[in-house]
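> Sequence first, predicted model second:
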Amino acid sequence: MDENEQKVHAQQSHYEEHEDNDSNSALSPIPQNDKNEKDDKNNTVANVSLGTGKDNAEIVENDVLAGSSSVRKPTEHYSGDEVNRPNLDEETDTFEAAKSTRDVKPPAKAVPKLRRTSSSLPLRLVSLPKVSCREKIIFCIDHSDEMFRNKFLSHGSNANPVFKTLVSAVKQFVNTKSYLNKNNQYSLILLNDGAQLITDLSRSFDEVLMMLEDIANMPNSHDYEETDVDKVFDLSSMFKMILELCGLNENPKQFVAPPYIVRVVFLYGRSDSRLVFSSGRKSFNDLIQCPQFFLDCVYIHEPPDDNNIVGTIFSSICDLDIGGTSHVYEVGTDRNMACLFNVFAKLLAHPLQRPKQKEKMIEYELKL
């Protein structure tokens, strides 16, 4: 073997020996210290990629403080269902909003509301004790054609005329007042062209109720086409008859309990007949100057419009309350008849024991 062949053979032997050493070193076990460091590094990477946001933030902060050169930021994972899932709540709200918009009806025409006002005329007031003394109650009830022609709003077909409904309300009122004080007296005056006395003051309220029932069941034969041409009603005749009936000639002193009081319940139901004092206001002024006299008014009317003078009539009724002691109510025929019964329930209070009715109406609520 020459010299060149010996050199080549020596180099091959050197290479084979070097490869054997490398294979043995790859198969040899890893030292324990190196293995622990490698596992810690792998665990750190796993925790960073799979941990919660709070844990990831703590790990990243620790790595930065430790001077790590390869800081792995936490990643956020989103699934396709979460990104593309439709918002059913928003679609439902949109559908309901569109449905409600289609169902909206145009607002109904507003009906003008009657407002309770007070008279500005001066009057010397005399205070009386708040005692429940005997009452002389005089019903002045309108007997015009409108009271029999108009009807309250009803969902059924058997709606009674206003006068019949009024008779039922007066009947309940009288029975309750007689239960509270059996010494009360009652009288009835009907209002046609003028005032007509039907029953005198009496403790026997059955006579008043019987007369009302008979009048309600009788057809109204009064000819209003000829007598009501001027469309006015004279209050002078009514107050003149009241003054003659009750005889308020005494003037009680202040703080002296009266033996009785006189209360007039004026029930008017015309929507196109003005209230006037054709014969002067002397009888009316004599009555309101007496502290024992009280005037309550209930106005039953058609819905206000351009074809009637409901607002003007109601203002005239409010002007009758000069002393501020009257209670004035109004009930439209476009409402339920229960409103009329509620008004009479409010009138049950004794005039000397009830508060004054201000421009802001006193509200009562009946809970069954």
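Good, I have the coordinates.
> quick one: buried residues of whichever helix or strand S316 is part of?
Assigning secondary structure by DSSP states H and E places S316 in helix 310-318. Within helix 310-318, the residues that count as buried by 16 or more other Cβ atoms under 10 Å are 310, 313-314, 316-318. C-beta: built from backbone N, CA, C; applies to glycine.
> Could I get those residues in CSV, plus columns for pLDDT and distance to H143?
Shown next, in CSV, are these (pLDDT from 0 to 100; distance: Cβ to Cβ, whole Å):
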residue, pLDDT, distance to H143
V310, 92, 19
I313, 94, 17
F314, 94, 20
S316, 94, 19
I317, 94, 17
C318, 93, 23
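> For the nearest residue to P303 once chain neighbours are set aside, the count of nearby residues, please.
Closest residue to P303 apart from its sequence neighbours, by Cβ to Cβ, 6 or more residues apart in numbering: D334 at 4.6 Å. For D334, the neighbour count with other Cβ atoms under 10 Å is 12.
> same question, the one 5 residues further on
Number of residues near C339 (other Cβ under 10 Å) recorded here: 16.
> again, but for the one 10 residues further on
A349 is surrounded by 13 other residues when neighbours are defined as other Cβ under 10 Å.
> and if you look at S132?
Using other Cβ under 10 Å, S132 has 11 neighbouring residues.
> Let me see the contact set for it.
Shown in contact with S132 (Cβ atoms under 8 Å, 6 or more residues apart in numbering): 180-181, 350, 352-353.
> swap the cut-off to 6 Å and go again
S132 is in contact with H350, counting by Cβ atoms under 6 Å, 6 or more residues apart in numbering.
> and it, that one's in a strand?
No: counting by DSSP: H, G, I helix; E, B strand; the rest coil, S132 is located in no strand; its state is coil.
> And for T333, nearest residue in space, chain neighbours not counted?
Leaving out its chain neighbours, the residue that sits closest to T333 by Cβ to Cβ, 6+ apart is N150, at 4.8 Å.
> ok, now E302?
E302 sits nearest to S271 (Cβ to Cβ, 6+ apart), 4.3 Å away.
> how about the CA coordinates for stretch 337-353, as CSV?
Extracted in CSV, the C-alpha atoms of stretch 337-353 (Å, rounded to 0.1, in the frame of the first residue of the first chain):
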residue,chain,number,x,y,z
MET,A,337,-123.4,56.8,34.1
ALA,A,338,-121.2,55.7,37.1
CYS,A,339,-119.8,59.2,37.0
LEU,A,340,-123.1,60.6,38.0
PHE,A,341,-123.3,58.2,41.0
ASN,A,342,-119.8,59.2,42.0
VAL,A,343,-120.8,62.9,42.1
PHE,A,344,-123.7,62.2,44.4
ALA,A,345,-121.4,60.2,46.6
LYS,A,346,-119.2,63.3,47.0
LEU,A,347,-122.3,65.4,47.9
LEU,A,348,-123.1,63.1,50.9
ALA,A,349,-120.7,65.2,53.1
HIS,A,350,-122.3,67.8,55.4
PRO,A,351,-121.7,71.3,54.1
LEU,A,352,-120.4,72.5,57.4
GLN,A,353,-118.0,69.5,57.7
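> Can you point out the buried residues in that stretch?
For stretch 337-353, burial by neighbour count (16+ other Cβ under 10 Å) applies to 337, 339-344, 346-347, 350-352.
> Closest to D296 out of the residues you listed?
When the buried residues of stretch 337-353 are compared for distance to D296 (Cβ to Cβ), L347 wins out at 5.8 Å.
> what helix or strand is the closest residue to the closest one other than its chain neighbours on?
Among residues not flanking L347 along the chain, D296 sits closest, at 5.8 Å (Cβ to Cβ, 6+ apart). Taking DSSP H and E as the definition, D296 sits inside strand 293-301.
> Then K240?
In this assignment (DSSP H and E), K240 forms part of helix 236-246.
> Name the residues of that helix that are buried.
Of all the residues in helix 236-246, those buried under the rule 16+ other Cβ under 10 Å are 236-243, 245-246.
> Which strands or helices does it pack on?
For helix 236-246, the packing partners by 3 or more Cβ pairs under 6 Å, 6 or more residues apart in numbering; DSSP states H and E come out as strand 195-202, helix 282-288.
> got a list of what the residue nearest to L347 touches?
Contacts for D296 were tallied using Cβ under 6 Å, 6+ apart; they are 265, 326-327, 347.
> what's the burial count for M210?
M210 sits with 12 neighbouring residues when counted by other Cβ under 10 Å.
> Distance check, it against L190.
M210 sits 14 Å away from L190, going by Cβ to Cβ, to the nearest Å.
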